[in-house]
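Colleague: My questions concern the predicted model and sequence given below.
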Amino acid sequence: MVTITIDGVRIQADESSTILEAARSHHIDIPTLCYLPEINEIGACRVCLVEVEGVDHLVAACNNKVVEGMVVSTDTPRVRRARVANLELILSRHDRRCPTCFRNGTCQLQALTDKMSLHDIPFPTHLSGEPVDARFPLVREPDKCISCLRCVSVCQKVQGLSVWDLVDSGSRAHVDAAHEDMCTYCGQCITHCPTGALHERDDTQEVFDAIYDPEKIVIAQVAPAVRTSWAEGLDLKGAALTVGRMVAAIRRLGFDYVFDTDFAADMTIMEEGSELLHRIGAGEPGPLFTSCCPGWVRFLKERHPALLGHVSSTKSPQQIFGAIAKTYYAKLLDVDPSRIYVVSYMPCVAKKMEAAYPGMDAGGTGRDVDAVLTVRELARQLRSRFVNVDLLDEEEFDQPLGIATGAGHIFGVTGGVLEAALRSAYFLTTGENPDADAFCEVRHEGADRGWREATFNLAERELRVAVTSGLANADALCHALERGEVAYDFVEVMACPGGCVGGGGQPIHEGFEPAADRGEILRGIDETATVRFSHENPAVTACYDGFLGAPNSELAERLLHSDHTAWSMPFRVDASGAEVPFA
Amino acid sequence: MPFENDRSYGALGEMCTDTMRRLGANARGTCPVDMTRALVGVAHAQSCGKCTPCRVGLGTMTELLESIIDGTADAGAIARLEDLAEQIRVSSDCAVGYQAAEQVLMSVRAFRDDFEYHASTGRCLRATSQGVPCVVSCPAHVDIPGYIALTAAGRYDDAVELIRKDNPFPSACAYICEHPCENTCRRTMVDDAVNIRGIKRYAVDHARTPRATSRGAATGKRVAVVGAGPSGLTCAYFLSRWGHDVTVFEQREKAGGMLRYGIPNYRLPKDILDAEIASIEAAGVKILLDQKVSGDGAQMLCDLERSYDAVYLAIGAHGDKKLGIAGEDAGGVVPAVQMLREVGLGKAADYTGLDVCVIGGGNVAMDAARSAMRMGAKSVRVVYRRRVADMTALAEEIEGTVADGCEICSLMAPLEILADADGRVRALLAQPQIIGPVKRGRPAPVKAERDPVEYPCQVVIIAIGQDIESAPFEAEGVPCRWGRMGAGDDLAVPGKPGVFAGGDCMRGPATVILSIADGKKAARAIDTYLGCSHTVNPQIEIPTPRLDDRVPCGRSVMGERPPEERRRDFDLVEIGLSDQEIAQETLRCLNCDHFGCGILHENGRTAW
């Protein structure tokens, strides 16, 4: 510990802490812009400058450490003048048409400008005028980029990729796509961008067009993690943010049916669990990788294509839902599947691309999932339609595709897919249910480092499993597998730290990461669920009994599984599903 | 005179001097096209405005350059820029205009790829930012700010281990490295480069032994290294620490290569070299001495290829080069490599009472001259056909040579070696030169209209370069060009899977640090070739960067033993920085690893 003085207050601080950390832990705030704890501590924006006694130049508080006896002033005329000057310079290179910006209201630059009470920029504004390419799920608006390098750092340090980089030098230095072709569309760069420079492709209008089309039967499916965060971007006045209220709100948008992706998650378990047991029974070499996360599948194809044969062929819950909706459910409704329009609400950006991949067309309508919207887009829809969410009564999902178990609900949190699969795999091998919490060892809350492994006994056979989230962690795990340092039977990977609860399509908060809290919500829903085993989902059982036959049946294989070799990286499609090669 | 009493000119002159220093330390990675634009801007500001090509033309070139940089220029822009530059070059009235135009022409020719990439994409070929200047400029990419901070903190062992992360020769480099790191030191922008080698010298002199030798789990892979010089031993060191079984084949009686057989004891004491080699052996490297590879009566390369999983060729450049003048075969004519080899073995000849001429202007010529003085020579002359300023030897080596009492006879081209009746050297005949036009970037000597000069002498040492004894390897299928072994970017020898080549035998005679860098690169390439991906991560915590203002402060330099005391013995000449000096000099480091874009480049700096 060291003793320092900040703004006249003597405080004790850990000697490894930065000036910023020491100040904030004593409720002295210092503004920041480029700073992201542990990920981007580079002192680039020069907004967190403070005065240190005995030093002439101002010091960045975010990445310089305290030393014994240091005397810091955070609010002097020199400090304020320099901070303002830097903010003015940043704003002079920023497209300030805030009202039409996707991040209006959640932009950190906007908030900081407001806080610092800046109302006039004395410098001429210079913008590149570079056009915006909005064809793909990840959209970049160069004139809103403030070169904070957060996207560069998140992509590198958290996701182990280098899609973004600081390119060119001198006055022309700017952030740009350096390796666009390796992008997984995880969207972590979006959720860590302080401005509107990065956002998802907005597909809300297509969805409204479908809703307003009287010929269309418009179906919503809602991913597990959406229920944890759907109202974060809304200004609610005390109403409980329950699942039932979310269903009611989505229904108000005009959907004919509001269903639950978690139903499809239960079905995923039936398919993937059977695939796992078949694989083990046949003595095929492990591991089997989960395939729910399209960011992860892209990453594996990009970085470890030799391991591709280990990825489960089972489609993701989103695509299983789409396939079932346009076959089984079309049959139940007795309508032509082309009349059905499936909209997914996802905490994810990569799902937008997944839905447009070749082969995602079990129903023969072109594509099984017609539109994918992020949680942020859901909030925009609700706001733009003036839905008074806090006045709505709670409503139930429609049936039968709205019935899900606790096992399906935890798909949205790291470890959840694995745990759900283990619950059913235990049943399928032993003929009896385990304790629903028997596999709680694989639960892993929040952003993690490395991966978690465990060994369980299933009918005398040891099952070695591993869980990880964050692609840099996944990369390390793959390397260890390739080098033979570890061996597993079943591995769950989610691209975003903490799983879908920390997804790239989630609402954006500056200064804290809510993934772990959202994960707790899903675990809580599971714990209180009346049914906690996918194989006990009555709607799933009915679908198998009346339509598919059995897991991994010929029909199930055709509808619910995909061929991962159909395309390889680099690969991207636009919203229409047309492949667009990289330049 | 209108500007004679203009006091503001003093400040401008200082700004220009500062800028010269700044430009001199220009970091690698800056965009040559953008730098050209900026330099044309400087030239334009210097224009008096009298003449059209300079007043208007330089501005037009700036505009053209900007459009090329931004990629907004039309297809013929580069050609138009070149044409305009040529017209400015030939039509300017004074150097302000034509020299600026020449710079543009030079830039376009040297960096055509950069210009074309900018013009067609609007982006820079050297896309990513610059890194830590000294670390980037060090061929082995040693974490220099890291070990300076450790030295400042008194953690000398950690400083040495941090250097050994990239370079197993911290001591050798502390004494004799050419320190390319200092050339781009950002401190130069404030006052002068940090004395990086001086700081390293202090760290190695104060660190304890033994050094770390831990090894990774045995991989069962066997690697042969040919040549126990800095490159071969560096490669062997890393491979051995990673757990490979490494054997080094050295044709001479001792290991060290040019560090032993080329650099005299007064610059790099043999006990320090021996201890350094012992620290490499302690890490598991087996060195087999008197083991020639390839050629008559020797073990063949193909044998090594069969019995080892990989081979690294690092045989150096130990052959001598002939001058091609009459009398070169006279008794008393000695190649510098041979003379220095004997010195290195402690078998130096006795030159007592003899007059010695050394031909050449590089570091080897200086080593030969200063050694000859120590071998008792009555007089030593360094005969060189260009000016002292054109010598390739380090300035401090030239100064040391002069201080040792050697005479430098510059602008003297050797013409003939005159022999007496017994066929022994009696004099060196040299043709006076004047310095002439610049050819290939260097002013070339031109014959002076004066009579040749005779330098009476009994010994002539020829130090005009070294040859690579690569012929036997070429016969065994290693592709060679002008004696240099061919190797790809990863140092793999084309057509010979598992065989790699680096150091002087691949690049021609160069510096120790370049050879070490090749050894490091080869270790990585061989590890990958063997299917491994080992890493080096000594996990040394670097002290927190200081926040104090970097006020201008002179650079401390190392002292030398007085010439009259040192010139007749082979003991170490250079005296390390004092405690007082090191305390000040380490604080001069600007910590470019933390301040500036260096903070973006942690990857590979603390581990690789």
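Modeller: That came through fine.

Colleague: in the stretch 301-450 of chain A, which ranges drop under the pLDDT threshold?
Modeller: A:444-449 (pLDDT under 70).

Colleague: What segments of it are strands?
Modeller: A:340-346, A:371-374 (DSSP state E, counting those that start in this stretch).

Colleague: Show the backbone phi and psi for B:A413.
Modeller: Note on B:A413: its backbone torsions stand at phi -100, psi 120 [degrees, to the nearest 10].

Colleague: Can you get me a residue count around it?
Modeller: When neighbours are counted by other CB atoms under 10 Å in any protein chain shown, B:A413 registers 19. Using the backbone N, CA and C atoms, a C-beta is placed for each residue, glycine as well.

Colleague: Which residues are in contact with the nearest residue to it once chain neighbours are set aside?
Modeller: What sits nearest to B:A413 in space, not counting adjacent residues and going by CB to CB, 6 or more residues apart in numbering or on different chains, is B:R385, at 3.9 Å. Each residue near B:R385 by CB atoms under 8 Å, 6 or more residues apart in numbering or on different chains is listed here: B:G361, B:L411, B:M412, B:A413, B:P414, B:Q433, B:P445.

Colleague: ok, B:R385 to B:A365 distance?
Modeller: Here B:R385 is placed at a distance of 12 Å from B:A365 (CB to CB, to the nearest Å).

Colleague: re earlier: columns pLDDT and secondary structure on top of the contacts of B:R385, output as TSV?
Modeller: Shown next, in TSV, are those (pLDDT from 0 to 100; DSSP: H, G, I helix; E, B strand; the rest coil):
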residue	pLDDT	secondary structure
B:G361	95	coil
B:L411	97	coil
B:M412	97	strand
B:A413	96	strand
B:P414	96	strand
B:Q433	97	strand
B:P445	95	strand
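
Colleague: So for the longest helix belonging to chain A, mean pLDDT?
Modeller: For chain A, the helix with the greatest residue count under DSSP state H is helix A:261-281. Averaging pLDDT along helix A:261-281 gives 95.

Colleague: helices and strands around it, which ones?
Modeller: Judged by 3 or more CB pairs under 8 Å, 6 or more residues apart in numbering or on different chains; DSSP states H and E, the packing partners of helix A:261-281 are strand A:217-222, strand A:288-289, helix A:317-324, helix A:406-409, helix A:416-430, helix A:538-543, helix A:554-560.

Colleague: How confident is the prediction for the residue nearest to B:A413, by pLDDT?
Modeller: Looking at B:R385, its pLDDT is 95.

Colleague: where does it fall, helix, sheet strand or coil?
Modeller: Of the three states, B:R385 takes coil under DSSP: H, G, I helix; E, B strand; the rest coil.

Colleague: Check B:E399 too.
Modeller: Here B:E399 is recorded as helix under three-state DSSP.

Colleague: Mind giving me the packing neighbours of the helix or strand harbouring B:E182?
Modeller: Of the helices and strands defined by DSSP states H and E, B:E182 is found in helix B:180-183. Applying 3+ CB pairs under 8 Å, 6+ apart, one finds that helix B:180-183 contacts helix B:133-137, helix B:196-206.

Colleague: Show me what it is in contact with.
Modeller: Residues outside helix B:180-183 that contact it (CB under 8 Å, 6+ apart) are B:24-25, B:134-135, B:137-139, B:142, B:144, B:193-197, B:511, B:513.

Colleague: Please save the CA atoms from it in CSV.
Modeller: What follows is helix B:180-183, C-alpha atoms only, in CSV (Å, rounded to 0.1, in the frame of the first residue of the first chain):
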residue,chain,number,x,y,z
PRO,B,180,21.6,0.1,-34.0
CYS,B,181,19.0,0.7,-31.2
GLU,B,182,20.7,4.0,-30.3
ASN,B,183,20.3,5.3,-33.9
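
Colleague: How far away from the center of its chain is it?
Modeller: Taking CA atoms, centre = their mean, to the nearest Å, one finds the center of helix B:180-183 at 9 Å from the center of the full chain.

Colleague: now it: mean pLDDT?
Modeller: In this model, helix B:180-183 carries a mean pLDDT of 95.

Colleague: And the helices in the stretch 351-500 of chain A?
Modeller: Taking DSSP state H, counting those that start in this stretch to define them, one finds helices in the stretch 351-500 of chain A at A:375-384, A:406-409, A:416-430, A:471-482.

Colleague: just the angle between the third one and helix A:317-324, please?
Modeller: Here helix A:416-430 runs at an angle of 60 degrees relative to helix A:317-324 (axes from the mean of the first three to the mean of the last three CA atoms, to 10 degrees).

Colleague: how much space between whatever residue of the stretch 301-450 of chain B ends up closest to chain A and A:Y35?
Modeller: Residue nearest to chain A within the stretch 301-450 of chain B: B:D309 (17.5 Å; CB to the nearest CB). From B:D309 across to A:Y35, the span is 48 Å (CB to CB).

Colleague: Who has more neighbours out of these two?
Modeller: Counted by other CB under 10 Å, B:D309 and A:Y35 do not tie: A:Y35 has more neighbours, with 26 against 18.

Colleague: Give me the nearest residue to that one, chain neighbours excluded.
Modeller: Nearest residue to A:Y35, sequence neighbours excluded (CB to CB, 6+ apart): A:C62, at 4.2 Å.

Colleague: residues in contact with that neighbour?
Modeller: Here A:C62 is in contact with A:T18, A:I19, A:L20, A:T32, A:C34, A:Y35, A:E41, A:G43, A:C48 (CB under 8 Å, 6+ apart).

Colleague: contacting residues around the residue lying closest to the fifth one once chain neighbours are set aside?
Modeller: Leaving out its chain neighbours, the residue that sits closest to A:C34 by CB to CB, 6+ apart is A:C148, at 3.6 Å. When contacts are counted by CB under 8 Å, 6+ apart, A:C148 is found next to A:L33, A:C34, A:N40, A:A44, A:C45, A:P194.

Colleague: quick check, nearest of the residues you listed to B:S556?
Modeller: Of all these, A:A44 has the smallest distance to B:S556: 33.3 Å, by CB to CB.

Colleague: coming back round to it: worst average pLDDT in the helices and strands packed on helix B:180-183?
Modeller: Sorting the helices and strands packed on helix B:180-183 by mean pLDDT places helix B:133-137 lowest, at a mean of 93.

Colleague: hang on, the earlier thing: so can I have a markdown table of the helices and strands packed on helix A:261-281 showing mean neighbour count?
Modeller: Output for the helices and strands packed on helix A:261-281, formatted as a markdown table (neighbours: other CB atoms under 10 Å in any protein chain shown):
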| stretch | mean neighbour count |
| --- | --- |
| strand A:217-222 | 26 |
| strand A:288-289 | 26 |
| helix A:317-324 | 30 |
| helix A:406-409 | 30 |
| helix A:416-430 | 25 |
| helix A:538-543 | 18 |
| helix A:554-560 | 18 |
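
Colleague: Now distance to B:E14 too, for these, in CSV please.
Modeller: Output for the helices and strands packed on helix A:261-281, formatted as CSV (distance: least, CB to CB, whole Å):
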stretch, distance to B:E14
strand A:217-222, 69
strand A:288-289, 65
helix A:317-324, 67
helix A:406-409, 71
helix A:416-430, 67
helix A:538-543, 81
helix A:554-560, 76
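
Colleague: how distant is the helix or strand encompassing B:V358 from the center of its chain?
Modeller: Applying DSSP H and E as the criterion places B:V358 in strand B:355-359. Chain-centre distance of strand B:355-359: 25 Å, with CA atoms, centre = their mean.

Colleague: For it, name the packing helices and strands.
Modeller: Identification of packing neighbours for strand B:355-359 by 3+ CB pairs under 8 Å, 6+ apart yields helix B:363-374, strand B:379-383, strand B:453-456, strand B:459-462.

Colleague: export these to CSV and tack on mean neighbour count and distance to B:I575?
Modeller: Output for the helices and strands packed on strand B:355-359, formatted as CSV (neighbours: other CB atoms under 10 Å in any protein chain shown; distance: least, CB to CB, whole Å):
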stretch, mean neighbour count, distance to B:I575
helix B:363-374, 27, 16
strand B:379-383, 25, 23
strand B:453-456, 16, 33
strand B:459-462, 26, 28
